[in-house]
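In: I would like the atomic coordinates for the input below:
(chains A and B)
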Amino acid sequence: MHELKMKYKGKKMAPAINAFHTFLFTPDETTHSGSHVRGADDLKRTMNTVIMALVPVLLFSMFNAGYQHFSALNGFPENFSLMEHFLTWDNFWIGIIKVLPLLAVSYGVGLLVEFIFAVIKGHEVEEGYLVTGILVPLIVPIDTPLWMLAVAVVFGVVIGKEVFGGTGMNILNPALTIRAFLFFAYPTWMSGDKVWVYEARERSEAILAGATDVDAISGETILGFLAQNKEAAMSAKYSVSDMFYGFIPGSVGETPTLLILLGGLFLIFSKIASWRIMLSAVLGSLVMGLIFNGVVDQGWITETSKFYGLMSFDFWKHLIVGGLAFGIVYMATDPVTGSQTNRGKWIYGFLIGFISVMIRVFNPAYPEGVFLAILLMNVFAPTIDHYVIRGNVKRRMKRLQNVVIHPKDSDAHAAELKAETV
Amino acid sequence: MALLSKKDTSLILDPLADNNPITIQVLGICSALAITAELKASLVMAVSVIFVLGVGNVVISLMRNIIPSKIRIIVQLIVVATLVIIVDQVLKAFAYELSKTLAVFVGLIITNCIIMGRFEAFALANGPWKSFLDGIGNALGYGVILLIVGFFRELLGSGTLFGIPVLGDPIAKTGLYATGYENNGFMIIPPAALIVVGIIIWVQRSRNPALVEEH
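Out: Prediction:
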């Protein structure tokens, strides 16, 4: 590998060779002596930490893929036991044949695009795709065809990231760009009650075609039930603890709120993700949920309204269904696309939670508003930061005016200070 | 003796590529986003603009010495409006269905920045023949982009070209659809046009770096 690297030095393929090289070996080209302080938390370390926080979710989702499939076929088990019904080889096998290909396509196509762009630009390959690549399979429905995923990944990486200049320059979260592309391009594969459980769609198509030896299966998400005002049917099927532990249908990895919570704590304690964004997003969604609950309590919305199901849904339950928890912990906290200033982070997070729940309730066509809310706030993040910084400057200027400065050179000094603060 | 002198040729050919009204001057974007979901609509729109801009440029050029400069915008607007109404009525008479698809966008040709831009920048200062060539050239440049965008959007979004299915039947699952291919609903909505135009601009500027603006 080292020889190859020297051989290709300065040639067109050098970035690709280098990428493999640093992937396998620690580069030996750093300073060894002198007074350089080297932080241990480089980009690769950051990315790896996020991936570590995601691995439990990924494993859970592989078991859940099978669990939802068999439960839809045979009914949910009466006396649920984790070892007997959930952590079984049969369940895991469905995960292997359905979730792993999604993961492989996501990484394969995404890294290929990164390599091509690295070679064209003559840059080093950036590690940015490592996290995106594992996020993508976790936020799509399980039966997403692989070619669709591939097309979406190419779109998301090229349009969402590379045209802006690659990792660190992107305005939008690439994983969410990929999800949004899939949602708008192939809506029939992304919503409804046939996409969340493995084989549901194939079976319904076979039945439509006249097959009689297959049983129809379906798995509506909780939000889907509520959007149709079928709360009773939903609560008969899923308990609150099911929602919290994640034994419910949904995008591949968005369901296990408990594991996401643990992942989030891990990210907070390793100081990778911002606790301000997470906390304020949770607060934002709770406030919006409370407002809707209040509207229902006041009797302004009756059971005949099409919003009743989602509006009367207890405000705190919004956090444990759908992708809200996943989005808040892993997507909203993306350091590149989120707000950078501390006060900006509070505003940014709060609005993500607030708008997510609002979209959920007001637009039943988008049962999952989280990705739209985060993308919207991604766009506004620089604006928020701008005003936070302006506010800071203004406050400091005010403080400066109140300071008694030596009368003689006050003007020159003030102008100097102004230049510094702006 | 060629029909067009070298200078005249460049009047027509420049706007097609290196001085394209959409991709270089970034004018007339709104209609390019709105009506390019189908190739047929793009074609009709392109032809309409070629007519309006070609004739309009000649009319303005003929009147250029008698238009008081203070009210020239009003005069220009009247000329465009007259021509656009002609186009609109012709479409309603001979292609009613299509005129419904294009709806308000035929009327909005009046506000198409390319047209006012060429009147102001060229027709007011040049003779009728040159103005005619300039109008045709710019409208062609506009039309070419419209057709390219329309081609990709209709092919990927609906699997048809000019309304004729080319990828098979999506409902009966023939042709490409038998392999599991699906139409891309994203290409139907206007944001897709923005992205396609963006990609065209990207390709054009990376092929010809001289077009990239200095910062």
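
In: Can you name the residue of chain B nearest chain A?
Out: B:F186 (3.7 Å; Cβ to the nearest Cβ). Every residue, glycine included, has its C-beta placed from N, CA and C.

In: Identify the residues contacting that residue.
Out: Contacts for B:F186 (Cβ atoms under 8 Å, 6 or more residues apart in numbering or on different chains) come out as A:F181, A:F184, A:A185, B:G157, B:A192.

In: if you average pLDDT over the lengthiest helix in chain B, what comes out?
Out: Assignment by DSSP state H gives helix B:128-158 as the longest helix of chain B. The pLDDT scores in helix B:128-158 average 86.

In: ok, and does it reach over to chain A?
Out: No. Residues of helix B:128-158 contacting chain A under Cβ under 8 Å from any Cβ of the partner chain: none, with a closest distance of 9.0 Å.

In: Would you mark the buried spots in that helix?
Out: Neighbour counts over helix B:128-158 (16 or more other Cβ atoms under 10 Å in any protein chain shown) mark B:130-158 as buried.

In: packing partners for that helix?
Out: Secondary-structure packing of helix B:128-158 (3 or more Cβ pairs under 8 Å, 6 or more residues apart in numbering or on different chains; DSSP states H and E): helix B:6-13, helix B:29-34, helix B:39-63, helix B:113-121, strand B:160-161, helix B:190-207.

In: So which of these is the most surrounded?
Out: helix B:39-63 (a mean of 22; mean count of other Cβ atoms under 10 Å in any protein chain shown).

In: so the helix or strand just after that one versus helix B:39-63, what angle?
Out: Next along the chain after helix B:39-63, taking DSSP states H and E as the criterion, comes helix B:72-94. When axes from the mean of the first three to the mean of the last three Cα atoms, to 10 degrees is applied, the directions of helix B:72-94 and helix B:39-63 differ by 140 degrees.

In: I'd like the average pLDDT over helix B:72-94.
Out: Across helix B:72-94, pLDDT averages out at 88.

In: Show me which residues of the stretch 51-200 of chain A sit near chain B.
Out: Counting by Cβ under 8 Å from any Cβ, the residues of the stretch 51-200 of chain A close to chain B are A:145, A:147-148, A:151, A:159, A:163, A:181, A:184-189.

In: For the residue in chain A positioned nearest to chain B, the count of nearby residues, please.
Out: Closest residue of chain A to chain B, Cβ to the nearest Cβ: A:A185 (3.7 Å). With neighbours defined by other Cβ atoms under 10 Å in any protein chain shown, the count for A:A185 comes to 24.

In: contacting residues around it?
Out: Contacts for A:A185 (Cβ under 8 Å, 6+ apart) come out as A:M148, A:V151, A:A152, B:N184, B:G185, B:F186, B:M187.

In: will you turn those into CSV that also has distance to A:G263, pLDDT and secondary structure?
Out: Output for those, formatted as CSV (distance: Cβ to Cβ, whole Å; pLDDT from 0 to 100; DSSP: H, G, I helix; E, B strand; the rest coil):
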residue, distance to A:G263, pLDDT, secondary structure
A:M148, 27, 86, helix
A:V151, 29, 88, helix
A:A152, 24, 89, helix
B:N184, 33, 79, coil
B:G185, 33, 78, helix
B:F186, 31, 81, helix
B:M187, 36, 82, helix
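
In: top of those by neighbour count?
Out: Tallying neighbours with other Cβ under 10 Å puts A:A152 at the head of the contacts of A:A185, with 27 neighbours.

In: need the residues of chain B near chain A, please.
Out: Contacts of chain B with chain A, taken as Cβ under 8 Å from any Cβ, map to B:G180, B:Y181, B:E182, B:N184, B:G185, B:F186, B:M187, B:I189, B:I195, B:G198, B:W202.

In: about what we covered before: check the gap between the residue of chain A closest to chain B and B:P191 for me.
Out: Distance of A:A185 to B:P191, given as Cβ to Cβ, to the nearest Å: 11 Å.

In: that older thread, show me which pair in the contacts of B:F186 is furthest apart.
Out: Spatial extent of those (Cβ to Cβ) is set by the pair A:F181 and B:G157 at 13.2 Å.

In: Mark which of the residues of the stretch 51-200 of chain A next to chain B are part of helices, please.
Out: Of these, the ones assigned to helices by DSSP H are A:W147, A:M148, A:V151, A:I159, A:F181, A:F184, A:A185, A:P187, A:T188, A:W189.

In: Kindly write the ChimeraX command that selects the buried subset of these.
Out: Buried residues within those, by 16+ other Cβ under 10 Å, are selected in ChimeraX with:
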select /A:148,151,159,181,184,185,189
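
In: which one of the ones in helices among the residues of the stretch 51-200 of chain A next to chain B is nearest A:V109?
Out: Distances from A:V109 to these, taken by Cβ to Cβ, are shortest for A:V151, at 8.8 Å.

In: which residues touch the closest one?
Out: Taking Cβ under 8 Å, 6+ apart as the criterion, A:V151 is in contact with A:A185, B:N184.

In: A:I320 against A:D242, yeah?
Out: No. Using Cβ atoms under 8 Å, A:I320 makes no contact with A:D242, being 9.4 Å away.

In: Which one's more surrounded, those two?
Out: For A:I320 versus A:D242, the count of surrounding residues by other Cβ under 10 Å is larger for A:I320: 23 against 17.

In: Could you give the number of residues near B:I71?
Out: A count of nearby residues for B:I71, using other Cβ under 10 Å, gives 9.

In: mind listing what it touches?
Out: Counting by Cβ under 8 Å, 6+ apart, B:I71 has no contacts.

In: do the same with A:G349
Out: Counting by Cβ under 8 Å, 6+ apart, A:G349 has contacts A:S274, A:R276, A:I277, A:M278, A:L279, A:S280, A:A281, A:L283, A:G284, A:I328, A:A332.

In: ok, 7 Å please
Out: A:R276, A:I277, A:M278, A:S280, A:A281, A:G284, A:A332 (Cβ atoms under 7 Å, 6 or more residues apart in numbering or on different chains).

In: so A:A281 makes contact with A:I328?
Out: Yes. With contact taken as Cβ atoms under 7 Å, A:A281 and A:I328 are classed as touching, separated by 4.3 Å.

In: Quick check: neighbours shared by those two?
Out: A:I352, A:G353.

In: residues contacting B:L211?
Out: When the contact criterion is Cβ under 7 Å, 6+ apart, the partners of B:L211 are B:D18, B:I24, B:Q204, B:R205.

In: hmm, try it at 10 Å
Out: By Cβ atoms under 10 Å, 6 or more residues apart in numbering or on different chains, B:L211 lies in contact with B:A17, B:D18, B:N19, B:N20, B:T23, B:I24, B:I201, B:Q204, B:R205.

In: Same question for A:L138.
Out: Contacts for A:L138 (Cβ under 10 Å, 6+ apart) come out as A:54, A:57-58, A:61, A:99, A:102-103, A:106, A:175, A:251-255, A:323, A:326, A:330.

In: try it again with 6 Å
Out: A:L138 makes contact with A:V252, A:G253, according to Cβ atoms under 6 Å, 6 or more residues apart in numbering or on different chains.

In: One more: B:F119?
Out: For B:F119, the contacting residues are B:I60, B:Q76, by Cβ under 6 Å, 6+ apart.

In: so how far is A:L324 from it?
Out: Counting by Cβ to Cβ, the gap between B:F119 and A:L324 amounts to 54 Å.

In: tell me the secondary structure for the closest residue in space to A:L146 that isn't next to it in sequence?
Out: Distance criterion Cβ to Cβ, 6 or more residues apart in numbering or on different chains; nearest residue to A:L146, sequence neighbours excluded, is A:V105 at 4.9 Å. Secondary structure, DSSP: H, G, I helix; E, B strand; the rest coil: A:V105 is helix.
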